[in-house]
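Novice: The following comprises the amino acid sequence and a computationally predicted model.
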Amino acid sequence: MAKLDISKRAKFPINKQGLFIKDCAKRLGASNNQIAKLLNVSARTITDWKREKFLITFQAAKILGKKSGIKLPGNLKSKDKFWYTTKGAYNGGLAMYRKYGCVGIDPEYRKKKWFEWWKQRGKFKNHPILNNPLPINQPIKSEELAEFVGIILGDGGITKNQVTITLHHVDDEKYGKFIIKLIKKLFSVNPSIYHKPKYSVNNIVISRIKLVKLLTEKLGLKIGNKIRQQIDIPRWIKANKNYQIACIRGLMDTDGCLVIHKYKVNRKQYCYKKLDFCSASKPLIKSIMKMLKVFDFSPRLSHNGRNVWIDGQEEVKRYFQLIGSNNPKHKKRLLR
């Protein structure tokens with residue numbers, strides 16, 4: 001069959017286009033695929049026409065009407081192929097004129113007029129997104145919330161509109177699933193996942209202004225660069241031993257690692273494990289040292305003051321018994 005002429009579109013009254021196509025298909029006893037073959041279009045196009053996502057072509061409407069014996073509505077209007085772009089451009093231009101006046105085509109002048117509008121009126125208007133942020137569940141303080149705070153202090157970042165957790169896309173794949181499940185449980189939000197192959201990472205992103213406000217205004221976290229601001233563990237966590245354990249777990253599962261040292265003495269091979277937590281924030285390092293000592297660990301501080309180590313087979317074993325880990329890669333290395 002020859003290709004359809006798509007230069008003209010048929011504009012049915014609201015909800016009538018889909019009904020017309022369904023009636024024609026029923027009269028013909030034809031499926032979506034059969035109608036698509038008849039009109040020389042894809043089955044997806046037929047579905048979109050039924051849903052009235054797009055206007056059916058005038059020629060396709062005529063063919064269906066003729067084949068099925070169903071007359072086209074008398075009030076059917078003809079539209080050009082891209083009729084909506086003309087309408088959109090007109091409405092957009094009119095809206096721009098009402099906002100900024102006559103701005104011409106000079107990009108710098110247009111930018112200047114936009115800033116003038118924003119300072120005088122725009123920022124005070126009721127914005128559907130900025131002034132009506134999407135809701136989240138507001139959880140009470142708990143061990144799970146303390147662990148999430150530890151995760152953010154470790155591999156997380158907060159901007160004005162988003163919370164992002166960055167993990168290695170292979171080593172931390174299973175741990176990422178744990179974090180996503182934790183986010184859903186705590187805040188009733190489905191985070192977005194963005195893979196960045198160039199950096200071998202997955203970003204778990206929560207775009208919720210209300211979550212940012214909860215974390216910064218009520219839970220003691222900060223927006224922006226964590227090192228520049230020399231972040232620390234919030235006071236409400238330090239005041240509760242169970243919260244301390246959960247927060248340490250979140251920190252070690254993200255910014256910590258289990259190191260396996262192997263060496264030989266008199267041809268005999270030995271190996272021992274140690275935990276290594278690393279951060280360039282001095283207050284955070286100091287707090288980790290202090291909290292570990294509360295639980296009778298004997299942490300060591302590196303010469304540069306950026307690493308906290310838990311040495312010794314028994315110390316490491318007791319760490320996993322008391323603090324634990326939700327990161328499978330740490331558990332796997334422990335069993336080696």
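Specialist: Good, I have the coordinates.
Novice: buried residues in the helix or strand Lys286 falls within?
Specialist: Take DSSP states H and E as the rule and Lys286 turns out to sit in helix 282-294. Neighbour counts over helix 282-294 (16 or more other C-beta atoms under 10 Å) mark Leu284, Ile285, Ser287, Ile288, Met291, Leu292 as buried. (Each C-beta comes from the backbone N, C-alpha and C, glycine too.)
Novice: pLDDT at the residue lying closest to Lys174 once chain neighbours are set aside, what is it?
Specialist: Nearest residue to Lys174, sequence neighbours excluded (C-beta to C-beta, 6 or more residues apart in numbering): Pro328, at 4.5 Å. pLDDT recorded at Pro328 is 94.
Novice: Near Pro328, how many other residues are there?
Specialist: Here the count is done by other C-beta atoms under 10 Å, and Pro328 has 16 residues near it.
Novice: same check, this time on Gly156
Specialist: Here the neighbour count serves as a burial measure; for Gly156 (other C-beta under 10 Å) it reads 22.
Novice: can you check Ile151 too?
Specialist: The burial count assigned to Ile151 is 27, neighbours taken as other C-beta under 10 Å.
Novice: Got the phi and psi for it?
Specialist: Backbone geometry at Ile151, expressed as degrees, to the nearest 10, gives phi -60, psi -40.
Novice: Could you double-check that Asn32 sits in contact with Ile46?
Specialist: Yes. The pair formed by Asn32 and Ile46 meets the contact definition of C-beta atoms under 8 Å, at 5.0 Å.
Novice: So the two - more neighbours on which side?
Specialist: Applying other C-beta under 10 Å to Asn32 and Ile46 shows that Ile46 carries more neighbours, namely 23 against 16.
Novice: Just the residues contacting the one helix or strand that one maps to, thanks.
Specialist: Assigning secondary structure by DSSP H and E places Ile46 in helix 43-50. When contacts are taken as C-beta atoms under 8 Å, 6 or more residues apart in numbering, the neighbours of helix 43-50 outside the stretch itself are 17-18, 21-22, 32-33, 35-36, 39, 54-56, 60.
Novice: residue boundaries of the strands in the stretch 51-200 of the chain?
Specialist: The residue ranges that make up the strands of the stretch 51-200 of the chain, judged by DSSP state E, counting those that start in this stretch, are 77-80, 156-158, 163-168, 192-196.
Novice: Which of those strands sits closest to Leu258?
Specialist: Put simply, out of the strands of the stretch 51-200 of the chain the one that sits nearest Leu258 is strand 163-168, at 14.7 Å, with distance taken as C-beta to C-beta.
Novice: For the closest one, enumerate its sheet partners and note whether each is parallel or antiparallel.
Specialist: Strand 163-168 has its sheet partners listed here by DSSP bridges as strand 156-158 (antiparallel), strand 201-206 (antiparallel).
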